[in-house]
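In: got a structure for you, letters missing:
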């Protein structure tokens with residue numbers, strides 16, 4: 001399995017969703033931003049590094065929200081809080097803040113789908 005981490009960056013009752021660009025695998029699908037954990041990194045360290053690279057932001061990585069898998073990918077999603085800058089789509093085609101009622105309207109990457117239910121519950125608590 002390939003261990004991948006994703007961030008549920010939550011602000012004002014919405015989560016940051018990222019649209020996979022044409023040069024990425026599974027283009028046109030939405031995902032929680034993140035990426036692969038490098039050897040020697042913890043999940044939290046890898047996630048913070050990936051978010052700096054992909055979005056140009058610093059975050060505090062919090063609790064583990066859930067796990068999803070598809071094929072050889074095992075996705076571990078953590079709640080994250082922005083501590084600097086506004087996210088910029090450096091690798092993705094688009095970024096969008098999505099509320100709990102709109103989560104189901106996006107075409108999500110398969111590995112992200114299992115965490116949508118706990119994510120919606122979290123967003124409803126943070127409104």
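Out: Alright, I've got the coordinates. Values in this document were obtained by computation on a predicted structure and should not be read as measured data. Numbers count the residues shown, from 1 in each chain.
In: In this protein, where is pLDDT below threshold?
Out: 127 (pLDDT under 70).
In: how about the helices in it?
Out: 43-55, 116-126 (DSSP state H).
In: Of all those helices, which one is nearest residue 89?
Out: helix 43-55 (7.4 Å; CB to CB). The C-beta positions use only the backbone N, C-alpha and C, and glycine is treated the same way.
In: Mind giving me the packing neighbours of that closest one?
Out: strand 2-11, strand 34-36, strand 58-70, strand 73-84 (3 or more CB pairs under 8 Å, 6 or more residues apart in numbering; DSSP states H and E).
In: Buried residues in the last one, which are they?
Out: Using 16 or more other CB atoms under 10 Å as the burial criterion, the residues of strand 73-84 that qualify are 73, 75-80, 82.
In: repeat for the longest one
Out: Buried positions in strand 58-70, judged by neighbour count with 16+ other CB under 10 Å: 59, 61, 65-66, 68.
In: do the same with stretch 2-14
Out: In stretch 2-14, counting by 16+ other CB under 10 Å, buried: 4-10, 14.
In: Could you check how far that stretch is from the centre of its chain?
Out: Distance of stretch 2-14 from its chain centroid, counting by CA atoms, centre = their mean, to the nearest Å, is 4 Å.
In: Equivalent analysis for stretch 41-60, please.
Out: For stretch 41-60, the distance to the chain centre is 11 Å (CA atoms, centre = their mean).
In: Can you give me the buried ones in it?
Out: 41, 43-44, 46-51, 54-55, 57, 59.
In: Leaving out chain neighbours, which residue sits closest to residue 107?
Out: residue 29 (5.5 Å; CB to CB, 6 or more residues apart in numbering).
In: Much appreciated, bye for now.
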